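Asks: Need a 3D model of the following:
(4 chains)
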4 protein chains.
Amino acid sequence: MAHIYSYRRTIRFHETDGAGVVYFANVLTLCHEAYEAALGATGIDLRRFFGGGSLAVPVVHGEVDFRRPLHCGDEVAIALAPQPIDGSTFEIRYTLSNGDQKTVATALTRHVCIDSASRQRHALDDQLQQWIRAAKPPSVAD
Amino acid sequence: MAHIYSYRRTIRFHETDGAGVVYFANVLTLCHEAYEAALGATGIDLRRFFGGGSLAVPVVHGEVDFRRPLHCGDEVAIALAPQPIDGSTFEIRYTLSNGDQKTVATALTRHVCIDSASRQRHALDDQLQQWIRAAKPPSVAD
Amino acid sequence: MAHIYSYRRTIRFHETDGAGVVYFANVLTLCHEAYEAALGATGIDLRRFFGGGSLAVPVVHGEVDFRRPLHCGDEVAIALAPQPIDGSTFEIRYTLSNGDQKTVATALTRHVCIDSASRQRHALDDQLQQWIRAAKPPSVAD
Amino acid sequence: MAHIYSYRRTIRFHETDGAGVVYFANVLTLCHEAYEAALGATGIDLRRFFGGGSLAVPVVHGEVDFRRPLHCGDEVAIALAPQPIDGSTFEIRYTLSNGDQKTVATALTRHVCIDSASRQRHALDDQLQQWIRAAKPPSVAD
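Replies: Presented below is the predicted three-dimensional model:
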């Protein structure tokens, strides 16, 4: 898998729950933050991209597997790798590691570009296609 | 204070933090839920009201005082009382009680009606003014 | 699938994002709320169950598929069906419907009972096993 | 006011709401993140500090004033200044600025050290007192 971006964050108190570890659904939120950071790093305007323009790229599927708990104050690194599926669809795979370089969770999100008004599929725009392809060096098999 | 609405809710796991009680800022979220429920009960369309139309009524000030902790599974009742301030401004006072009828927190939010595009003050619309006045029966002192 | 519980909720403003619909990861939070409500309805003490006792039942896998967006003020019904996997593991399937009885999302969570200190697998306790089996009436095929 | 720490963050999509700006209560969460980062920078173990030990330092009061909206992708800087109140109490003032160095919000939290079991007041420990005093250079008036 060709990772194109790694996002680092300290786990914050509000992300933990009464069991003293990060609430499970917040791990998908951490992944989406990494996706936002990776888009932002290529110069995509996040306010416009996520702000309800004529095209939208909602998450249509998400999944996450947990191996180790994350606690308040932990440093987490999220490596992400996008992959094209078809002209309007891509997936991103995420690997979350803690300060000991141990995998704490893996996750996947699938995104489909749609026309915001009709909610019909629409081709991914060039900027996003370029961002997805950046993860696939021409001569290297995944 | 003339309460016009009481909202009841069970505290959920995701609202608690690693100290085992509701995360402090989530108490203001509970208050806003009560405000939404109270507006909805008068027939205001919540999707339209909060959905970024030409007028918006953002919170410009919030405050909250904590007396007792709230735990996962606790039943909380939130009584709310709106109060007009001027033609474009109102406040809401909240009292949160637990299953033992003990006050767990009090809070206040101040809301100002603005034109969404210019972000200049705008008069509150009739429906909202009526909702605010409903808390003030004509012949009864607060 | 034998649903044993249906949980109803109004979508609140804080659950929506800048695209005007419920933020994707919050749908898993809605599902966990339904799970808490279903446990509570059978008399399980939620504060103790989720409060970091000697046994814990963390989510080890979650997945969610989105079909339709949810907006602020929408009424959502979440039907849930638990299923035993092995002596320490169970899954829950969720179907979320909107006010028009249309499916807006489906989801699944897998839960494993562990010893909180060692984080080793532990048999599900009787109360939880009973709750899971309640979904499987003896003479009716799923 | 003597600021002792400045925390920088990019606003993430999940923090925005259906009006396209950061949900009001999330601004207090941003402030608490800045507090955590400032404690962490002095070597305080965040997992232990927030993890429900024998002493706790819950927020007993919070308030926030909003001047300008924050959008997805905005860079925010949060300057914070702690101030001792009495032997068990301190306050923190926060100023949030956007990328144009304009103040977007100000906030205040009050914290009281308690014995976690009895929930009675307890003297602040030395490490925390030192952190609070670090904001008050000996010869400079606040």
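
Asks: which residues in chain A form helices?
Replies: Under the criterion DSSP state H, helices of chain A are mapped to A:24-41, A:46-49, A:126-133.

Asks: okay, those in TSV with distance to residue D:133, mean pLDDT and mean neighbour count next?
Replies: Quick note: C-beta positions are derived from backbone N, CA and C, even for glycine. Shown next, in TSV, are these (distance: least, Cβ to Cβ, whole Å; pLDDT from 0 to 100; neighbours: other Cβ atoms under 10 Å in any protein chain shown):
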stretch	distance to residue D:133	mean pLDDT	mean neighbour count
helix A:24-41	34	97	22
helix A:46-49	39	94	17
helix A:126-133	48	92	16
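
Asks: Export these as JSON lines, with columns for distance to residue B:38.
Replies: Below are the helices of chain A laid out as JSON lines (distance: least, Cβ to Cβ, whole Å):
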{"stretch": "helix A:24-41", "distance to residue B:38": "28"}
{"stretch": "helix A:46-49", "distance to residue B:38": "31"}
{"stretch": "helix A:126-133", "distance to residue B:38": "41"}
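
Asks: of those, which approaches chain D most closely?
Replies: Distances from chain D to each of the helices of chain A were compared using Cβ to the nearest Cβ; the minimum, 3.0 Å, belongs to helix A:46-49.

Asks: residue ranges with poor pLDDT in chain A?
Replies: Segments of chain A classed as low confidence (criterion: pLDDT under 70) are A:1-2, A:135-142.

Asks: and of the helices of chain A, who's closest to chain B?
Replies: Of the helices of chain A, the one closest to chain B (Cβ to the nearest Cβ) turns out to be helix A:24-41, at 7.0 Å.

Asks: relative to helix C:24-41, how tilted is that closest one?
Replies: Interaxial angle of helix A:24-41 relative to helix C:24-41 (axes from the mean of the first three to the mean of the last three Cα atoms, to 10 degrees): 180 degrees.

Asks: tilt between helix A:24-41 and helix A:126-133?
Replies: Taking the same axes, to 10 degrees, helix A:24-41 and helix A:126-133 form an angle of 110 degrees between their directions.

Asks: in chain A, which strand has the most residues?
Replies: Among the segments of chain A that qualify as a strand by DSSP state E, the longest is strand A:75-86.

Asks: Enumerate the residues of chain A near chain B.
Replies: By Cβ under 8 Å from any Cβ of the partner chain, the residues of chain A that approach chain B are A:13-14, A:16-18, A:20-21, A:23, A:25, A:71-72.

Asks: Contact partners for the most centrally placed residue in chain A?
Replies: Centroid-nearest residue in chain A, with Cα atoms, centre = their mean: residue A:35, separated by 3.6 Å. Residue A:35 makes contact with A:80, A:92, A:109 under the criterion Cβ atoms under 8 Å, 6 or more residues apart in numbering or on different chains.

Asks: next one: residue A:111
Replies: Listed by Cβ under 8 Å, 6+ apart, the contact set of residue A:111 reads A:57-60, A:89-92.

Asks: Please name the bridge partners of it.
Replies: Residues in a beta bridge with residue A:111, per DSSP bridges, are residue A:59, residue A:90.

Asks: now it: how far from residue D:106?
Replies: 37 Å (Cβ to Cβ, to the nearest Å).

Asks: now do residue A:15
Replies: 24 Å.

Asks: and the two? which has more neighbours close in?
Replies: Comparing residue A:15 with residue D:106 by neighbour count (other Cβ atoms under 10 Å in any protein chain shown), the higher total belongs to residue A:15, at 25 against 17.

Asks: was I right about that one contacting residue A:23?
Replies: Yes - judged on Cβ atoms under 8 Å, residue A:15 makes contact with residue A:23 at a distance of 6.6 Å.

Asks: re the thing from before, please name whichever of the helices of chain A is nearest to residue C:7.
Replies: helix A:24-41 (15.9 Å; Cβ to Cβ).

Asks: Also compute the angle for that closest one relative to strand A:75-86, please.
Replies: Between the axes of helix A:24-41 and strand A:75-86, defined by the same axes, to 10 degrees, the angle is 70 degrees.

Asks: So which bits of chain A are right by chain C?
Replies: Looking at chain C, the residues of chain A close enough under Cβ under 8 Å from any Cβ are A:17-21, A:23-26, A:28-29, A:32, A:50-52, A:56, A:58-66, A:69, A:109, A:119.

Asks: Which among those residues count as buried?
Replies: Members of the residues of chain A next to chain C that pass the buried threshold by neighbour count (16 or more other Cβ atoms under 10 Å in any protein chain shown) are listed as A:17-21, A:23-26, A:28-29, A:32, A:50-52, A:56, A:58-66, A:69, A:109.

Asks: For chain A, what lies in contact range of chain D?
Replies: Counting by Cβ under 8 Å from any Cβ, chain A sits next to chain D at A:10, A:12-14, A:16, A:20, A:29, A:32-33, A:36-37, A:40, A:45-47, A:50-52, A:71-74.

Asks: Just confirm residue A:31 contacts residue A:106, I think it does.
Replies: No - here residue A:31 does not reach residue A:106: they are 9.6 Å apart, not a contact under Cβ under 8 Å.

Asks: what touches both of these two?
Replies: A:64, A:94, A:96.

Asks: which one of those residues is nearest chain C?
Replies: Taking Cβ to the nearest Cβ as the measure, chain C sits nearest to residue A:64 out of the shared contacts of residue A:31 and residue A:106, at 5.2 Å.

Asks: Distance check, the nearest residue to residue A:63 once chain neighbours are set aside against residue B:13.
Replies: In space, and not counting its chain neighbours, residue A:63 is closest to residue C:63: 3.7 Å by Cβ to Cβ, 6 or more residues apart in numbering or on different chains. For residue C:63, the distance to residue B:13 under the criterion Cβ to Cβ works out to 19 Å.

Asks: Then residue A:30?
Replies: The span separating residue A:30 from residue B:13 equals 18 Å under the rule Cβ to Cβ.

Asks: Which strand residues bridge residue A:8?
Replies: Residues found in beta-bridge contact with residue A:8 (criterion: DSSP bridges) are residue A:77.

Asks: pretty sure it is in contact with residue A:76, am I right?
Replies: Yes - in this structure, residue A:8 is within contact of residue A:76 by Cβ under 8 Å, at 7.2 Å.

Asks: pretty sure residue A:109 contacts residue A:85?
Replies: No - contact status for residue A:109 versus residue A:85: not in contact, 11.7 Å apart, counting by Cβ under 8 Å.
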